[in-house]
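Q: I would like the atomic coordinates for the input below:
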Amino acid sequence: MYCMQVIGSLKDRDRIPGIDVALSDGEKWMFAGHEVRVMETPGHTRGHISYYFPGSGAIFTGDTLFSLSCGKLFEGTPEQMLASLQRIMSLPDGTNIYCGHEYTLSNSKFALSIEPKNMALQAYATHVVHLRNKNLPTVPTTLKQEKMCNPFLRTFSTEIRQNLNIPADASDSLALGAIRQAKDNW
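A: The predicted model follows:
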């Protein structure tokens, strides 16, 4: 029939049926002639992994990082999600981000509600509306774009902290948790 393999996290092998190839953080493998590096990115789930293609400058983040958001914390903690996002942020700014869902338009509305003075976000949100009105995808985005606009990568933002009543001296993980809670309730 088909000669396909299901590739997933070693940490999920016992709970997700059908994983043929179980991978761990730091492993490398080849996909269609491209080197892929496995990055453990827990937070959304405890076994979440992302696939980084260094030669192509692309990362597939699944439900860890979305354009203008991050995944819900179903099994992870704000500390885990922050560490995962920081790992992704350490990649080159030109890295293309391929996320698991097309939520960018909705995410832009939330992001603007907590950081309305962010001019880069305003411009990107306008671009997102333009793309979606033409039924075009907003993915991929770039790491550079996300660093300028994604509130979950901007836990340091004074405007976000003030709008969500996050103390200025609160840790970035506490800020991320507060942003995630605000998004969950939005």
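
Q: please report phi then psi for the residue nearest to the spatial centre of the chain.
A: What sits nearest the mean C-alpha location of the chain, by C-alpha atoms, centre = their mean, is residue 65, with 0.6 Å. Main-chain torsions, residue 65, degrees, to the nearest 10: phi -120, psi 120.

Q: separation between it and residue 131?
A: Counting by C-beta to C-beta, to the nearest Å, the gap from residue 65 to residue 131 is 19 Å. Placement of C-beta: from N, CA and C, glycine included.

Q: where does the chain dip in pLDDT?
A: For the chain, the stretches flagged by pLDDT under 70 are 1.

Q: tell me where it has strands.
A: Here the chain has its strands, by DSSP state E, at 7-9, 21-23, 28-31, 34-40, 49-53, 58-62, 65-66, 69-70, 96-99, 141-142.

Q: which of those sits closest to residue 166?
A: Among those, the nearest to residue 166 by C-beta to C-beta is strand 69-70 (16.2 Å).

Q: residues touching that closest one, excluding its own?
A: With contact meaning C-beta atoms under 8 Å, 6 or more residues apart in numbering, strand 69-70 is reached by 43-44, 64, 81, 85, 103, 107, 110-111, 150-152, 176, 180, 183.

Q: ok so, going back, hmm, the residue nearest to the centre of the chain is touching residue 88, no?
A: Yes. Between residue 65 and residue 88 there is a contact at 5.6 Å, judged by C-beta atoms under 8 Å.

Q: residues shared between the contacts of these two?
A: Common contact partners of residue 65 and residue 88 (C-beta under 8 Å, 6+ apart): 41, 50, 97.

Q: got TSV for the residues you listed, with distance to residue 72 and neighbour count too?
A: TSV is the format used below for those (distance: C-beta to C-beta, whole Å; neighbours: other C-beta atoms under 10 Å):
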residue	distance to residue 72	neighbour count
41	14	31
50	16	23
97	18	23
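
Q: return the member of those nearest to residue 75.
A: Closest to residue 75, out of all of the shared contacts of residue 65 and residue 88 and judged by C-beta to C-beta, is residue 41, at 12.5 Å.

Q: and the gap between that closest one and residue 86?
A: Residue 41 is 10 Å from residue 86, by C-beta to C-beta.

Q: one more: residue 113?
A: 24 Å.

Q: looking at these two, which one has more neighbours?
A: The residue with more neighbours, out of residue 113 and residue 86, is residue 113; 14 against 11, by other C-beta atoms under 10 Å.

Q: burial count for the residue lying closest to that one once chain neighbours are set aside?
A: Closest residue to residue 113 apart from its sequence neighbours, by C-beta to C-beta, 6 or more residues apart in numbering: residue 186 at 7.2 Å. Residues within reach of residue 186, counting by other C-beta under 10 Å, total 11.

Q: I appreciate the help and will end here.
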